[in-house]
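Colleague: Mind looking at a prediction? Sequence and model below.
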Amino acid sequence: MFESLSDRLSQTLRSVTGKARLTEDNIQDTMREVRMALLEADVALPVVKDFVDAVKQRALGQEVLKSLSPGQAFLGIVQAELEAVMGSANEALNLATTPPAVILMAGLQGAGKTTTAAKLARHLIEREKKKVTVVSADVYRPAAIKQLETLAGEVGADFFPSNVEQKPADIVQAALDHARIKFSDVLIVDTAGRLAIDEDMMREIAELHAAVKPIETLFVVDAMTGQDAANTARAFGEALPLTGVVLTKVDADTRGGAALSVRSITGKPIKFLGVGEKTTALDPFHPDRLASRILGMGDVMSLIEEAEQKVDKEKAAKLAKKVKKGKKFDLEDFRDQLQQMNNMGGVTGLLDKLPGMGGMAQMAQQQLDMKMFARMEAMINSMTPKERQNPELIQGSRKRRITQGSGTQVQDLNRLLKQHKQMQKMMKKMKGKGMEKMMRGLGGALGQGGPGGMGGPGGMPFR
């Protein structure tokens, strides 16, 4: 996420953080580089200008002159100004109204509104413990109605059916009545998109807004369109009283122009980031955490929250108890750990959030065979329960049977057994001291050998 911007800024700021004192000259050079990095990331020109001026003004003011470490103080200023550009803090959804609270999703076609509606429903159901109804008012695209119905079933939301013969305002009014009867806390309305902004579309959505009076009107926009995303959001903001923005496809955006431009251009907060295709891939937007990641300082808070939500606490406690009693860490336990790690985005997902590890995450992405977890799991699944509990039994003909059953090679199995042995030793030393250490240990056991601890013999297989 935003790799090119992060690399460029980290490199530029590294040259100034070691300085014993900051002068107008060395700040001038650094700010020229920062300006270029932001423009190349497709950040809107007025935003870049204001950002550079604000950093320069604070850096040459009393704030840095009084600091014992001017270079570090300068980095702190850049981080603070990045946060200010994107919004000072996370702005949660406002659901303080008589239920059902209506959330209207608006945006262009292809921005990911329908998927985002389902992701948001899942977020509200799982994290906020709300009862959610979803409805599609997209009467121009029958596939959108079917898609939302399928996704609603997947995330456990109540789906209100609609069809192309109905008027959008009638659909939503009926859905509102249905949501009241069902005692739903929230009604999410997916609206029609167009390939470009046009008057008919704006008129229709404005009428829909007036009819249902949503408490939240979220503009869904593709982050990969850069500053165009901010300009489109502004156009929608002139037609609708938007309350926030959802940036989608952020995981594929290496530049970051939209994230840095939207708030300044529209005056509306970014509330969520879409970070993948799965219905779990929606993150509340925290400007401070994103600024930290852009500057290569990681995002430990998000990693902790992710572990809280995605790590199976029951399995973790059971394993900790087992190891504490001195019992063997077997291949079934190893498979559980692989699944937990995979749920948290695999090795690259973890590295990307650790301070100073952003570059390592990219290297891992390039060098590692990303289907590795699936292969390892397939090998363990091809074993008998007895073999999983006693890996030392796996010799000769057993190895051939396991690799044939999982579609892998004997060297893959040998590598898996070696990695398990390393993990087993580490678990014995730890005596079940908690999930975070287990996860850290798994990363270490999987990443022996090769540059930066990645790949090579005993490590992860290369592509």
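Modeller: Now that the structure is in, tell me what you want to look at.

Colleague: Next up, the contacts around T217.
Modeller: I103, L104, A106, H209, L240, P241, L242, T243, G244 (CB atoms under 8 Å, 6 or more residues apart in numbering). Heads up, the C-betas are built off the backbone N, CA and C, glycines and all.

Colleague: Wait, a strand at it?
Modeller: Yes. Assigned with DSSP: H, G, I helix; E, B strand; the rest coil, T217 falls within a strand.

Colleague: Apart from its chain neighbours, what residue comes closest to it?
Modeller: L104 (4.7 Å; CB to CB, 6 or more residues apart in numbering).

Colleague: one step back: and of the contacts of T217, the nearest to Q79?
Modeller: Among these, G244 lies closest to Q79 (CB to CB), at 23.2 Å.

Colleague: is it true that the closest one touches P269?
Modeller: Yes. Counting by CB atoms under 8 Å, G244 touches P269, with 5.2 Å between them.

Colleague: Please tell me I have it right and A54 contacts L82.
Modeller: No. Counting by CB under 8 Å, L82 is not a contact partner of A54; they are 10.3 Å apart.

Colleague: Neighbour count: these two, which is higher?
Modeller: L82 (22 against 16; other CB atoms under 10 Å).

Colleague: and that one, what is it in contact with?
Modeller: Applying CB under 8 Å, 6+ apart, the residues near L82 are F51, L260, P287, L290, A291, I294, L295.

Colleague: Go again with 6 Å.
Modeller: L82 makes contact with A291, according to CB atoms under 6 Å, 6 or more residues apart in numbering.

Colleague: Am I right that V102 sits in a helix?
Modeller: No. Read with three-state DSSP, V102 is strand and lies in no helix.

Colleague: Tell me how far the spatially closest residue to E24 that is not a sequence neighbour lies from G407.
Modeller: For E24, ignoring the flanking residues on the chain, the nearest one in space by CB to CB, 6+ apart is L60 at 6.3 Å. Distance of L60 to G407, computed by CB to CB, to the nearest Å: 63 Å.

Colleague: can you pull out the strands in the stretch 251-400 of the chain?
Modeller: For the stretch 251-400 of the chain, strands defined by DSSP state E, counting those that start in this stretch occupy the ranges 270-274, 282-284.

Colleague: What is the shortest one packed up against?
Modeller: For strand 282-284, the contact count by 3 or more CB pairs under 6 Å, 6 or more residues apart in numbering; DSSP states H and E identifies strand 270-274 as packing neighbours.

Colleague: quick one: average pLDDT of the strand it packs on?
Modeller: Taken as a whole, strand 270-274 carries a mean pLDDT of 88.

Colleague: ditto for stretch 412-423
Modeller: 84.

Colleague: Could you export it as PDB, CA atoms only?
Modeller: Only the C-alpha atoms of stretch 412-423 are listed here, as PDB (Å, rounded to 0.1, in the frame of the first residue of the first chain):
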ATOM      1  CA  ASP A 412       8.700 -29.400  -0.100                       C
ATOM      2  CA  LEU A 413       7.800 -32.000   2.600                       C
ATOM      3  CA  ASN A 414      11.400 -32.100   3.900                       C
ATOM      4  CA  ARG A 415      11.300 -28.300   4.200                       C
ATOM      5  CA  LEU A 416       8.000 -28.400   6.000                       C
ATOM      6  CA  LEU A 417       9.300 -31.000   8.500                       C
ATOM      7  CA  LYS A 418      12.400 -28.900   9.100                       C
ATOM      8  CA  GLN A 419      10.300 -25.700   9.700                       C
ATOM      9  CA  HIS A 420       8.100 -27.600  12.100                       C
ATOM     10  CA  LYS A 421      11.100 -28.800  14.000                       C
ATOM     11  CA  GLN A 422      12.400 -25.300  14.400                       C
ATOM     12  CA  MET A 423       9.000 -24.100  15.600                       C
END
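
Colleague: Can you give me the buried ones in it?
Modeller: D412, L413, R415, L416, L417, Q419, H420, K421, Q422, M423 (16 or more other CB atoms under 10 Å).

Colleague: those helices in the stretch 101-250 of the chain, which residues are they?
Modeller: Along the stretch 101-250 of the chain, counting by DSSP state H, counting those that start in this stretch, helices occupy 113-126, 142-155, 168-181, 199-212, 227-239.

Colleague: next one: the stretch 251-400 of the chain
Modeller: Using DSSP H, counting those that start in this stretch, helices in the stretch 251-400 of the chain cover 257-266, 287-294, 300-310, 313-324, 331-343, 346-353, 358-367, 372-381, 385-389, 396-406.

Colleague: From I103, how far off is the residue nearest to G193 when sequence neighbours are not counted?
Modeller: Once flanking residues are discounted, G193 sits nearest to Q109: 3.6 Å by CB to CB, 6+ apart. Distance of Q109 to I103, given as CB to CB: 19 Å.

Colleague: Which of those two has more residues huddled nearby?
Modeller: I103 (26 against 15).
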